[in-house]
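Asker: here are the coordinates; sequence isn't available:
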């Protein structure tokens, strides 16, 4: 079957639309997180997402409706632990993520053990997204991207020098809270694309790929966005043609982009040193 022939199927159209929006969102936000050394917050919140999905299944509620508020509250909890309990960021992430995964395992056990639905959230099932999930992904992705655009200069300031930004009048507490809340929403949306276990890869890989090539902050965000979208499209079609899991294939395509960017950077550096 030709690649374009796949586009006649509705489930592939939905997967590409939702995946591209979420990939674009993860890539843009990932640059901010990587530069602030907060990239592991995605992994921590993914563990919380597992717990929130288990809550939804126990009470027979659509998991996305439970996950968004629970993960947002957890992201604020990480920020509060960092600020008030004098705990470093990675330790605060570890505390909250441990609570999330432990709670999820307990709730899954209470609900009768791990079932097919829970495993689909763990490993992702982008080809099964519904029309409702596509609409939710588009609306929330556009909302988050709009907030990043509106607060671009403030986010830029705290990314590179938070103390200077605070001295310059930037409300760093508000911006930090907004950043972790945006990350929480992004992690929940990415759950359907690559699964809970691979969410952090969707946040980190396009960003680190862009940082190998970019010459500035805006340039890095642009390259990351392009990388993320291309990885989703390539991963969806690649998984269909090779009969591979879609979420994992998207991550592997992202990894190939990173290796290509890193190899190109090393080659250019050696070429310049010889000349």
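Answerer: Looks like it came in fine. These numbers come from a predicted model, not from an experiment.

Asker: going forward, measure contacts between C-alpha atoms and count neighbours the same way
Answerer: Fine.

Asker: which parts of the stretch 1-150 of the chain are helices?
Answerer: According to DSSP state H, counting those that start in this stretch, the stretch 1-150 of the chain carries its helices in the segments 10-35, 41-58, 63-84, 89-110, 116-123, 131-150.

Asker: the ones you listed into a markdown table, with extra columns for mean pLDDT, mean neighbour count and distance to residue 259?
Answerer: Formatted as a markdown table, those follow (pLDDT from 0 to 100; neighbours: other Cα atoms under 10 Å; distance: least, Cα to Cα, whole Å):
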| stretch | mean pLDDT | mean neighbour count | distance to residue 259 |
| --- | --- | --- | --- |
| helix 10-35 | 91 | 24 | 17 |
| helix 41-58 | 85 | 26 | 22 |
| helix 63-84 | 85 | 19 | 31 |
| helix 89-110 | 79 | 19 | 26 |
| helix 116-123 | 70 | 16 | 23 |
| helix 131-150 | 88 | 16 | 27 |
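
Asker: mind listing what the residue lying closest to residue 99 once chain neighbours are set aside touches?
Answerer: What sits nearest to residue 99 in space, not counting adjacent residues and going by Cα to Cα, 6 or more residues apart in numbering, is residue 48, at 7.4 Å. Neighbour list for residue 48: 70, 71, 74, 96, 97, 99, 100, 101, 104 [criterion: Cα atoms under 8 Å, 6 or more residues apart in numbering].

Asker: show me what contacts the first one?
Answerer: The one in question is residue 70. Taking Cα under 8 Å, 6+ apart, one finds 48, 49, 52 in contact with residue 70.

Asker: is it correct that the last one is in contact with residue 105?
Answerer: No - under the criterion of Cα atoms under 8 Å, residue 52 is not in contact with residue 105, lying 10.7 Å apart.

Asker: separation between residue 73 and residue 186?
Answerer: 14 Å (Cα to Cα, to the nearest Å).

Asker: equivalent analysis for residue 247, please.
Answerer: The spacing between residue 247 and residue 186, counted by Cα to Cα, is 16 Å.
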